[in-house]
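*Asks:* Everything below, folded, please.
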Amino acid sequence: MILIRPLCFFSRRVSLSTSQFHTTSVLLVKRKVIHQFRLADIGEGITECEVIKWVVKPASLVQSFDPLCEVQSDKASVEITSPFDGIVKDLLVKEGDVARVGEGLCLIEVEEDAKGQAETATSEPISPEPEARAPPQPVDNNTESRSPSGRPHPLDPSHKLDASRDDVLATPSVRHFAKQKGVGLASIGTGTGKGGRIEKKDIEKFLSASSGSSQVTQLSEQPGEEIHVDLGRTRFAMWKAMTKSLEIPHFGYSTTLDLTRLSELLPVLNSYIPAAYAPQSPSSTPSLPPAISPDAIFPESRVPVESDPSTHFTRLTFLPLLLKALSRAMLEWPLFRASIAFSPDLSSKEKPKLSIRPHADIAIALSTPTGLYTPTLAAVETMTPFTIMGRLRRLQHLGRQIPCALGAAEMPRRGGTLTVSNVGAIGQGEFAAPVLVPGGGVAIVAIGRAKWVEVVPQDGVGPSRRRLLVGVSWSADHRVVEGAEMAAFTEAWRSWVEHPERMIADAV
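*Replies:* Just a heads-up that it's a prediction; the model follows:
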């Protein structure tokens, strides 16, 4: 008995020691795999997004659900999060570029368990297990990689939705309709109903989007054949805004303004453009200080002028003066400093509400290579004509970049209460019929081409006079603005334009 027990004990120790080793190296081998993270569908009907800002950089360490970037669609701004734990290797889309749904956003290096027998040439060093484990289970080669957090990431392109799942919110009639159409409710995702409930219209939109995406447009370069192109994101937003404009009852009003007095004032103003807006002329020799200088007694009093080259101009135009005069008329008329704050349904007993602003906020219709934008000049009544001209030049500079560089600072969410379209800068048109879109304020005006004409006195007595006239065409929201109010407001604007001495007396 004494001799046998130590032998048994020794035998058990040997078996325990040998059980810690096995010949299956699959479970212990790690390999690094680079995944291309693609832009998933972030909303109903959205086909492309603009990358506004990257939160990570190459070589950054990320975990599941960490923010990667912020993208902007024509509907909203969305934060994209990482579906993997790993290291960012490369950013495939630059800030400001547009990515279509399904295109790669970035490359992420992920450490995964190797499948199959490990190869010594590519396998990573095996980390020893700290303690004994249960016998290894068979490896399932069909198992898909999952998020290390234990739950599938909604934007992980490798996560395939199970269309047969039944844990989605939908009424029995909607489930029956989806079954008839052969659509799995889980494939739709979150519905537009209360609490994410899937409605019948969600299934119809899913079907239309699926049929539209399956039709690939073939672009032919053969002469004489039709070519089909998709509208860009900005033009598609304009498409929808103009369609919504049909809900607004428009009231039109046109007249002419006399710019003769302003034309006499412009040469004087152009002679005194402030240094902050005047472009610096290139000169090989440094300029000498003047013989007589106002700073001679106190040179430290001169503060260097900070200048933005995008705001420089060599000639003041009529538009800043017209905007300045318009802002003065807006201060006299609170109605045209108002915007619709609440618009109830016609069946509701609640009344619409207007929000009257303390300043004159004017939106400018700006045509750019990527489409039509309406940036806003806030508190125009506080600016000088030179400041307004510099702001306009900067808006043009930002709008002409590809992609468009206009941001939230230039295009605030609530916009202006009036919109100005300077269509006279292109072509010889004198009048137009501008369209007011929802959220564009209470009125929009199109300014035509100014022309010198011979004007006969209204009473017909006396010689004709040569005057510089410009046509202005208004479209107002007739739910808010009456026709008489539009005409009277235009006359208030006329008094400031045709008598610029009022602006001088008002400390322009």
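*Asks:* from what I can see Leu259 touches Val472, true?
*Replies:* No: here Leu259 lies out of contact with Val472, judged by Cβ atoms under 8 Å, at a distance of 10.8 Å. Glycine gets a C-beta too; all of them are placed from N, C-alpha and C.
*Asks:* who are the neighbours in contact with the nearest residue to Val470 once chain neighbours are set aside?
*Replies:* Nearest residue to Val470, sequence neighbours excluded (Cβ to Cβ, 6 or more residues apart in numbering): Ala450, at 4.1 Å. Contacts here follow Cβ atoms under 8 Å, 6 or more residues apart in numbering; on that basis Ala450 touches Leu259, Phe318, Gly424, Leu468, Leu469, Val470.
*Asks:* Which of these lies at the shortest distance from Ala278?
*Replies:* Phe318 (19.3 Å; Cβ to Cβ).
*Asks:* Just the pLDDT for that closest one.
*Replies:* Here, the pLDDT recorded for Phe318 equals 96.
*Asks:* So it versus Lys240, what's the distance?
*Replies:* For Phe318, the distance to Lys240 equals 33 Å [Cβ to Cβ, to the nearest Å].
*Asks:* who has more neighbours, the two?
*Replies:* Comparing Phe318 with Lys240 by other Cβ atoms under 10 Å, the one with more neighbours is Phe318, at 20 against 13.
*Asks:* Verify the stated contact: that one with Leu259.
*Replies:* Yes: counting by Cβ under 8 Å, Leu259 is a contact partner of Phe318 at 6.0 Å.
*Asks:* Need the residues touching each of those two.
*Replies:* Ala450, Val470.
*Asks:* On the three-state scheme, Glu430 is what?
*Replies:* coil (DSSP: H, G, I helix; E, B strand; the rest coil).
*Asks:* residues contacting Lys53?
*Replies:* When contacts are counted by Cβ under 8 Å, 6+ apart, Lys53 is found next to Cys69, Glu70, Glu95.
*Asks:* now do 10 Å
*Replies:* If you count contacts by Cβ atoms under 10 Å, 6 or more residues apart in numbering, Lys53 has them with Pro67, Cys69, Glu70, Val71, Gln72, Ser77, Glu79, Glu95, Gly96.
*Asks:* From the residues you listed, keep the buried residues only.
*Replies:* Cys69, Glu70, Val71, Gln72 (16 or more other Cβ atoms under 10 Å).
*Asks:* wait, which of these is closest to Asp361?
*Replies:* Using Cβ to Cβ, Gln72 comes nearest to Asp361 of the buried ones among the contacts of Lys53, at 22.6 Å.
*Asks:* who's that closest one bridged to?
*Replies:* Assessed by DSSP bridges, Gln72 has beta-bridge partners Glu50, Ser77.
*Asks:* Would you agree it is in contact with Asp97?
*Replies:* No: under the criterion of Cβ atoms under 10 Å, Gln72 makes no contact with Asp97, lying 11.6 Å away.
*Asks:* between these two, what contacts are shared?
*Replies:* Listed as contacting both Gln72 and Asp97 by Cβ under 10 Å, 6+ apart are Glu50, Val51.
*Asks:* What is the most widely separated pair among the contacts of Lys53?
*Replies:* Going by Cβ to Cβ, the pair spanning those furthest: Pro67 and Gly96, at 18.2 Å.
*Asks:* so what secondary structure elements neighbour the single longest strand found in the chain?
*Replies:* The longest strand of the chain (DSSP state E) is strand 465-477. If you count contacts as 3 or more Cβ pairs under 10 Å, 6 or more residues apart in numbering; DSSP states H and E, strand 465-477 packs onto strand 250-258, helix 260-270, helix 318-332, strand 418-421, strand 443-447, strand 451-455, helix 483-498.
*Asks:* Can you give me the buried ones in it?
*Replies:* Going by neighbour count (16+ other Cβ under 10 Å), the buried part of strand 465-477 is Arg467, Leu468, Leu469, Val470, Gly471, Val472, Ser473, Trp474, Ser475, Ala476, Asp477.
*Asks:* And for stretch 444-454?
*Replies:* Ile444, Val445, Ala446, Ile447, Gly448, Arg449, Ala450.
*Asks:* Report the distance from it to the chain centre.
*Replies:* 33 Å (Cα atoms, centre = their mean, to the nearest Å).
*Asks:* same thing with stretch 339-357?
*Replies:* From the chain centre to the centre of stretch 339-357 is a distance of 27 Å (Cα atoms, centre = their mean).
*Asks:* picking that back up, need the residues touching each of Leu259 and Val472.
*Replies:* The contact sets of Leu259 and Val472 overlap at Leu322, Val497 (Cβ under 10 Å, 6+ apart).
*Asks:* Would you mind measuring the gap between the ends of stretch 81-97?
*Replies:* Terminal residues of stretch 81-97 lie 18 Å apart, using Cα to Cα, to the nearest Å.
*Asks:* quick one: average confidence on that stretch?
*Replies:* On average, stretch 81-97 scores 88.
*Asks:* One more: stretch 413-425?
*Replies:* Average pLDDT, stretch 413-425: 90.
*Asks:* next one: stretch 494-508
*Replies:* For stretch 494-508, mean pLDDT rounds to 86.
*Asks:* Can you mark which positions in it are buried?
*Replies:* Buried, per 16+ other Cβ under 10 Å, within stretch 494-508: Arg494, Trp496, Val497, Glu498, Pro500, Met503, Val508.
*Asks:* The fourth one: what's it in contact with?
*Replies:* If you count contacts by Cβ under 10 Å, 6+ apart, Glu498 has them with Leu257, Asp258, Leu259, Thr260, Arg261, Leu262, Ala325, Arg467.
*Asks:* Scan those and report the most crowded one.
*Replies:* Per-residue neighbour counts (other Cβ under 10 Å) across the contacts of Glu498 peak at Ala325, which has 25 neighbours.
*Asks:* Is it in contact with Ala492, as I believe?
*Replies:* Yes: contact criterion Cβ under 10 Å: Ala325 and Ala492 qualify, at 9.4 Å.
*Asks:* quick one on the thing from earlier: reformat the contacts of Glu498 as TSV; add distance to Pro290 and pLDDT.
*Replies:* Converted to TSV, these look like this (distance: Cβ to Cβ, whole Å; pLDDT from 0 to 100):
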residue	distance to Pro290	pLDDT
Leu257	41	97
Asp258	40	96
Leu259	36	96
Thr260	37	96
Arg261	34	94
Leu262	32	95
Ala325	36	96
Arg467	41	94
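*Asks:* closest to Thr419 among those?
*Replies:* Using Cβ to Cβ, these come closest to Thr419 at Ala325, 16.2 Å.
*Asks:* how far away is the nearest residue to that closest one once chain neighbours are set aside from Ala379?
*Replies:* Excluding the flanking residues, the one nearest Ala325 by Cβ to Cβ, 6+ apart is Trp496, at 3.7 Å. For Trp496, the distance to Ala379 equals 17 Å [Cβ to Cβ].
*Asks:* Same question for Asp477.
*Replies:* For Asp477, the distance to Ala379 equals 23 Å [Cβ to Cβ].
*Asks:* again with Ala450
*Replies:* From Ala450 to Ala379 the distance is 27 Å (Cβ to Cβ).
*Asks:* Alpha carbons of stretch 252-264, as CSV, please.
*Replies:* The C-alpha coordinates for stretch 252-264 follow below in CSV (Å, rounded to 0.1, in the frame of the first residue of the first chain):
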residue,chain,number,x,y,z
GLY,A,252,-45.4,88.4,-57.5
TYR,A,253,-44.6,92.0,-57.7
SER,A,254,-42.2,93.8,-60.1
THR,A,255,-40.9,97.4,-60.4
THR,A,256,-37.8,99.4,-61.2
LEU,A,257,-35.4,101.2,-59.0
ASP,A,258,-33.3,104.3,-60.0
LEU,A,259,-29.6,103.7,-59.5
THR,A,260,-28.5,107.1,-60.9
ARG,A,261,-27.5,108.6,-57.5
LEU,A,262,-25.7,105.4,-56.5
SER,A,263,-23.8,105.4,-59.8
GLU,A,264,-22.5,108.9,-58.9
